[in-house]
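Chemist: sequence and predicted structure below; questions after.
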2 protein chains.
Amino acid sequence: MLSKKTKYGLKALTFLASRKEKEPVQIAEIAKQENISQKFLESILLSLRKTGFLGSKKGKGGGYYLIKDPKEVLMTDVMRVLEGPIAMVPCVSLNFYEKCDDCPDEKSCSVNKLMLKVRDANLAVYRNSTLADLV
Amino acid sequence: MLSKKTKYGLKALTFLASRKEKEPVQIAEIAKQENISQKFLESILLSLRKTGFLGSKKGKGGGYYLIKDPKEVLMTDVMRVLEGPIAMVPCVSLNFYEKCDDCPDEKSCSVNKLMLKVRDANLAVYRNSTLADLV
DNA sequence: CTATTATCCTATAGATTTAATAGGATATTT
DNA sequence: AAATATCCTATTAAATCTATAGGATAATAG
């Protein structure tokens, strides 16, 4: 299941991308338009800023704005920041690989086998999607 | 992230599928071979029996066995029973559809748009995989 | 018939993760 | 100096997942 954090993050990014103007948008406005708890959204936008997707400005007229062109924002990167690993098990993860402690041999593991296919399928989708495609 | 329930369930199913003999296998043996908590596995096998994947026999010489030929067991069905909906959001789910309460219009929702693609990609994998492919 | 074996079933405890809130600090503009 | 809006950490609340407990039921063996 997609977490609310990811859902809200995607909605906020899309909201910002849909604005032609480059002016900062306040958290309060995004929260209201997208039906999101403002405080929760605040923490999400903060993490998107710290990971280089958003810029921010304080004080009156401040808010958040996209740093890159939506066409340049890959969903693989967005999803990894918001939702975490794209793989459903660590043993097939490209960026967060970890050996399963219960599994003696990955090559002969049925779960590994299936989840490898799932990972590839998901990666294909995310790699072919940019923020611009969501607007 | 894949739940342990699903992981263990898949391993147990594969274990049973890999046995040529049709004789029942005891929970204890599967648990030991696959490094799974026996009691937890017990509840998982129970649900797989109730959903028609496994048969069981009580008493000495009892245990669980596959009902269908592994080639006939589709991963879509297995995953839905073990992990739940394949879709990451209810609004793109085929079997568990539900409207998002915060979203006024699905057609213009960016999350819906992206998750529809993800669902299709995952479905394609699961529909093309049977239990026999995991052995 | 009785002892043994193994599943059946419900309930619950424990652990982890997710979602949301609180409250003040910091920086910017007017 | 006042108002505005992000920044940041901590904490609470809720939900979900994982695991365990303990007895009931049914089948087999002797």
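Modeler: Perfect, I can see it now.
Chemist: I'd like the average pLDDT over the lengthiest helix in chain A.
Modeler: Longest helix in chain A by number of residues, with DSSP state H as the criterion: helix A:110-127. Across helix A:110-127, the average pLDDT comes to 98.
Chemist: in the helix or strand just after it, what counts as buried?
Modeler: Secondary structure here is assigned by DSSP states H and E; on that basis, the next helix or strand after helix A:110-127 toward the C-terminus is helix A:131-134. Of the residues in helix A:131-134, those scored as buried under the neighbour-count criterion (16 or more other Cβ atoms under 10 Å in any protein chain shown) are A:131, A:133-134. C-beta here means a position set from N, CA and C on the backbone, and glycine is covered the same way.
Chemist: next to chain B, which bits of chain A? Give me the list.
Modeler: Taking Cβ under 8 Å from any Cβ of the partner chain as the criterion, the neighbours of chain B within chain A are A:1-2, A:7, A:10-11, A:14, A:34-36, A:75, A:84-85, A:88-89, A:102-103, A:109-111, A:113-115, A:117-118, A:121-122, A:124-126, A:129, A:133-135.
Chemist: before we move on, back to that, now the longest helix of chain A - C-alpha only, CSV.
Modeler: Backbone C-alpha positions of helix A:110-127 (Å, rounded to 0.1, in the frame of the first residue of the first chain) are rendered in CSV as follows:
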residue,chain,number,x,y,z
SER,A,110,11.6,-18.4,-4.9
VAL,A,111,10.8,-15.1,-3.3
ASN,A,112,13.9,-13.6,-4.7
LYS,A,113,13.1,-14.9,-8.1
LEU,A,114,9.6,-13.5,-8.2
MET,A,115,10.4,-10.2,-6.6
LEU,A,116,13.2,-9.6,-9.1
LYS,A,117,10.7,-9.6,-11.9
VAL,A,118,8.4,-7.3,-9.9
ARG,A,119,11.2,-4.9,-9.2
ASP,A,120,12.2,-4.7,-12.9
ALA,A,121,8.6,-4.1,-13.9
ASN,A,122,8.2,-1.3,-11.4
LEU,A,123,11.6,0.3,-12.3
ALA,A,124,10.5,0.3,-15.9
VAL,A,125,7.5,2.3,-15.1
TYR,A,126,9.2,4.8,-12.8
ARG,A,127,12.1,5.3,-15.1
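Chemist: near DNA strand D, anything from that helix?
Modeler: No - judged by Cβ under 7 Å from any atom of the strand, helix A:110-127 and DNA strand D are separated, with a smallest distance of 12.6 Å.
Chemist: got it, and stretch A:27-37?
Modeler: Yes - remark: stretch A:27-37 sits within contact range of DNA strand D at A:27-28, by Cβ under 7 Å from any atom of the strand.
Chemist: could you list the residues in contact with that stretch?
Modeler: For stretch A:27-37, the external contacting residues (Cβ atoms under 8 Å, 6 or more residues apart in numbering or on different chains) are A:8, A:11-12, A:15-16, A:38, A:41-42, A:45, A:63-64, B:102-103.
Chemist: stretch A:67-80 now?
Modeler: Outside stretch A:67-80, the residues within contact range by Cβ under 8 Å, 6+ apart are A:6, A:9-10, A:13, A:17, A:52-55, A:66, A:86, A:95, A:123, A:125-127, A:129-132, A:135, B:114.
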